[in-house]
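Participant: need coordinates for the following:
(one chain, ligands or ions: 1)
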Amino acid sequence: MNRAKLLGVGLWITCLITAVSVESQINIVRPHYTNPASAQALYQNHCASCHGQDMKGEIRAQNVLPRALPDLTLISHRNSGTFPSLHVYEAIAGREHAIVGQDRTDMPGWSVVFHQMYMGDEGKERQAIYNLVTLIESKQMRN
Ligand code: HEC
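Facilitator: Coordinates of the predicted model:
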């Protein structure tokens, strides 16, 4: 193996170790059942660890995530004063990013998680995401 190849393999291993250690720091756990009607409980159990109690971004999560956590209270502000409900819904579900122009990779896709949690009941899955959208909309600081 020549030096360039060795260096390549070394870099790859370093990346792998970094990925594994970031994952263990974030501490991925099985989601525990949360009533889809309770937006507060959903947020508390599944979102606050990264986005913080105040939706502005939890500093400890920020330290291990490779990307800046968006301030969820300023979504309307970043979107010329209107709350983009459908985009926020899709961002939570994991299908697209709320604010066009950013690629998304760091947030878990919640439709998959909720699908498992509600044992395939799509009504509950949609209710949970919709209630989270409404909660986030109610916390918008300025337009
Ligand atoms: C593991 C940390 C983590 C958890 C847990 C998490 N998020 Fe996120 N979230 C992120 C990151 C990082 C981004 C930035 C976009 C990206 O890189 O995917 C983001 C982006 C978002 C966005 C898009 C905001 C914007 O302005 O573009 C919304 C909305 C959102 N999260 C809501 C939620 C909700 C609701 C939950 C709980 C069901 C949740 N997040 C749980 C890390 C997390």
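Participant: drop to CA atoms for contacts and neighbour counts, all remaining ones
Facilitator: Noted.
Participant: contacting residues for residue 117?
Facilitator: Residue 117 makes contact with 31-33 under the criterion CA atoms under 8 Å, 6 or more residues apart in numbering.
Participant: quick one, helices of the chain?
Facilitator: Using DSSP state H, the helices of the chain run over 3-26, 39-46, 48-51, 59-64, 75-78, 85-93, 110-117, 122-138.
Participant: want to try a markdown table for those helices, with distance to the ligand as columns?
Facilitator: Formatted as a markdown table, the helices of the chain follow (distance: least, CA to the nearest ligand atom, whole Å):
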| stretch | distance to the ligand |
| --- | --- |
| helix 3-26 | 7 |
| helix 39-46 | 5 |
| helix 48-51 | 4 |
| helix 59-64 | 7 |
| helix 75-78 | 5 |
| helix 85-93 | 5 |
| helix 110-117 | 6 |
| helix 122-138 | 5 |
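Participant: closest to residue 127 out of the contacts of residue 117?
Facilitator: residue 33 (14.1 Å; CA to CA).
Participant: the closest one: how many residues sit nearby?
Facilitator: 12 (other CA atoms under 10 Å).
Participant: could you find the closest non-adjacent residue to it?
Facilitator: Counting by CA to CA, 6 or more residues apart in numbering, residue 33 lies nearest to residue 117, which is 6.1 Å off, once chain neighbours are set aside.
Participant: report pLDDT for the one you found.
Facilitator: pLDDT recorded at residue 117 is 92.
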